[in-house]
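Engineer: Sharing a model prediction with you, sequence too.
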Amino acid sequence: MKAVVTGGGTGGHIYPALAVAGAIQQRVKEAELLYIGGRSGMESEIVPATGTPYRSVTSRKLRRLLSFSTLGVLWALAQGYREACEQLRAFQPDVVIGTGGYVPAATVMAAVRLRIPTIILGPDAVPGRTNRWLSRWVSRICIWFEETAAFFPSGKTVITGVPIRADIVSPESVAGARRRLSLAEDRFTILVLGGSQGAQRLNEIVVDAAAKLPGAVQILHQTGERNLQAVKAQAERVGLPPGRHFPRAYLDGREVPLAYRAAELVICRCGVSTLAEVTANGLPSLLVPLPTAYADHQTANAKAIARGGGGIHLPQVSLTPESLMENIETLRNNPTLREAISVASRAIGKPDAAERVASLALELAGARGWNR
């Protein structure tokens, strides 16, 4: 079997693609995989480092407002489409899986043109422009929330959840995870995640709130590389002791499962990959969506999780250090409430999403004539 995965621009598109590739390889040992991404996006560094064969095509992000730059985007799409056709003709895949963003559009369209079965991931509660546009031609659309199906053609959607890495739920004990991350074993532990690139305003509110929290609380804080020094400087200004606040530019692949295991509460942005990992770990969360995300899709994601009882939605526009501190203290002092949210979070999560997508890919490849 041969499969192409394509996605890029952010970790929220790259890591699900790699998770699906890994699940296919696990199911079919002899499977040949190819990742098609952009020439300069994050994927051009992340994917080759995993040993996955990688090819690039021309791509360019479409801005929200139409302008002269839109012509450049259309040119890049046409150029990327031609390059993707060449790559697909040379590789001859049985199925193509696109995980989102502007990067895979050309490759998925090329696959449709070449009559190769195609799958796209549309796991946001409100799907993006690219996925809505592609949906009329692709074979299947993988979603997480039932309400998302209304945005796509009838009969094409399959509820799979968001593909995440197989080891995201650590077998380590809570105390062991905290030791390995150099955290105190006996403190209420909060994990702050602003996405793969951090979140400046969320960082600022968290640090101000942390200064008002009791000493029994510690915070492991992923700030994003560009925000790390500003967060450290703010923590020093407000007198936040280093032993209670642990800012990190980025948690690496080994540390992320440990961080989830160590935490009793997560404060996070609301990209679907982050939410998929949080719910797979059954963690209660305070959900602070990025208000400037396209079509406010992070708010829709947060509301979907909150409706299921798996987290508490805190809109950034009304969030203050004081209100964040109050929400933290309410959950810290009410373990029964925290456990109820945790149970709901775990029920929403779909840790086997990568396997579900891989099964769908094998099904489509089989219908095209591939045999084990």
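Structural biologist: Thanks, I have it. Because the structure is predicted, anything quoted here is derived from the model rather than measured.
Engineer: ranges for the strands of the stretch 151-300 of the chain?
Structural biologist: Under the criterion DSSP state E, counting those that start in this stretch, strands of the stretch 151-300 of the chain are mapped to 157-159, 188-193, 217-222, 245-248, 265-268, 285-287.
Engineer: Give the pairing partners of the first one; include direction for each.
Structural biologist: Meaning strand 157-159. As defined by DSSP bridges, the strand partners of strand 157-159 come to strand 140-143 (parallel).
Engineer: And the pLDDT at the residue nearest in space to the middle of the chain?
Structural biologist: Computing the C-alpha centroid of the chain and ranking residues by C-alpha atoms, centre = their mean puts Ser273 first, at 2.0 Å. pLDDT, Ser273: 93.
Engineer: How about it, nearest residue that isn't a chain neighbour?
Structural biologist: Closest residue to Ser273 apart from its sequence neighbours, by C-beta to C-beta, 6 or more residues apart in numbering: Gly12 at 4.2 Å. For the C-beta atoms, the positions are set from N, CA and C on the backbone; glycine is no exception.
Engineer: Show me the helices in the stretch 51-200 of the chain, by range?
Structural biologist: Along the stretch 51-200 of the chain, counting by DSSP state H, counting those that start in this stretch, helices occupy 69-91, 105-113, 129-134, 174-180, 200-210.
Engineer: which of these is buried the deepest?
Structural biologist: Among these, ranked by average contacts under mean count of other C-beta atoms under 10 Å, first place goes to helix 105-113 (a mean of 24).
Engineer: ok now that one, how far from the chain's centre?
Structural biologist: Put simply, helix 105-113 sits 23 Å off its chain's centre (C-alpha atoms, centre = their mean, to the nearest Å).
Engineer: tell me the angle the helix or strand of the chain with the lowest mean pLDDT makes with helix 105-113.
Structural biologist: The helix or strand of the chain with the poorest confidence is helix 69-91; it has a mean of 82 (mean pLDDT, DSSP states H and E). Computed with axes from the mean of the first three to the mean of the last three C-alpha atoms, to 10 degrees, the direction of helix 69-91 lies at 50 degrees from that of helix 105-113.
Engineer: returning to that earlier point: the residue nearest to Ser273 should be in a strand, yeah?
Structural biologist: No. Under DSSP: H, G, I helix; E, B strand; the rest coil, Gly12 falls outside any strand and is assigned helix.
Engineer: Just to check, it is in contact with Pro123?
Structural biologist: No. Using C-beta atoms under 8 Å, Gly12 is not in contact with Pro123; the gap is 9.3 Å.
Engineer: More neighbours: these two, which one.
Structural biologist: Legend: neighbour count by other C-beta atoms under 10 Å for Gly12 and Pro123, higher for Pro123 (29 against 22).
Engineer: Which pLDDT value belongs to the more buried one?
Structural biologist: 94.
Engineer: Distance of it relative to Leu364?
Structural biologist: 18 Å (C-beta to C-beta, to the nearest Å).
Engineer: Equivalent analysis for Gly253, please.
Structural biologist: Taken as C-beta to C-beta, the span from Gly253 to Leu364 is 30 Å.
Engineer: Could you count how many residues lie near Glu147?
Structural biologist: Residues lying near Glu147 (other C-beta under 10 Å) number 14.
Engineer: OK, contacts around it?
Structural biologist: Contact partners of Glu147, counting by C-beta atoms under 8 Å, 6 or more residues apart in numbering, are 125, 304.
Engineer: pLDDT of stretch 201-220, averaged?
Structural biologist: Averaged over stretch 201-220, pLDDT sits at 96.
Engineer: Ends of that stretch, what's the gap?
Structural biologist: Length of stretch 201-220, first residue to last, C-alpha to C-alpha, to the nearest Å: 17 Å.
Engineer: so the residue nearest to the centre of the chain makes contact with Tyr15?
Structural biologist: Yes. Counting by C-beta under 8 Å, Ser273 touches Tyr15, with 6.1 Å between them.
Engineer: quick one: common contacting residues for the two?
Structural biologist: Counting by C-beta under 8 Å, 6+ apart, the common neighbours of Ser273 and Tyr15 are Ile164.
Engineer: quick revisit: okay, and the common contacts of Gly12 and Pro123?
Structural biologist: Taking C-beta under 8 Å, 6+ apart as the contact rule, Gly12 and Pro123 both touch 100, 272.
Engineer: elements contacting the least confident helix or strand of the chain?
Structural biologist: strand 2-6, strand 32-38, strand 54-57, helix 105-113 (3 or more C-beta pairs under 8 Å, 6 or more residues apart in numbering; DSSP states H and E).
Engineer: Pull the contacting residues for Ile159.
Structural biologist: Ile159 touches 142-144, 146, counting by C-beta under 8 Å, 6+ apart.
Engineer: And for Thr279?
Structural biologist: 305, 310, 345-346, 348-350.
Engineer: Quick check: mean pLDDT of stretch 279-297?
Structural biologist: Mean predicted confidence for stretch 279-297 is 93.
Engineer: Start and end of that stretch, how far apart?
Structural biologist: Span of stretch 279-297 from end to end, C-alpha to C-alpha: 18 Å.
Engineer: swap in stretch 236-248?
Structural biologist: 15 Å.
Engineer: May I see the buried residues of it?
Structural biologist: 240, 244-248 (16 or more other C-beta atoms under 10 Å).
Engineer: As JSON lines, those residues with pLDDT and distance to Pro291 would be great.
Structural biologist: Converted to JSON lines, the buried residues of stretch 236-248 look like this (pLDDT from 0 to 100; distance: C-beta to C-beta, whole Å):
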{"residue": "Leu240", "pLDDT": "91", "distance to Pro291": "26"}
{"residue": "Arg244", "pLDDT": "95", "distance to Pro291": "28"}
{"residue": "His245", "pLDDT": "96", "distance to Pro291": "25"}
{"residue": "Phe246", "pLDDT": "96", "distance to Pro291": "27"}
{"residue": "Pro247", "pLDDT": "95", "distance to Pro291": "23"}
{"residue": "Arg248", "pLDDT": "95", "distance to Pro291": "25"}
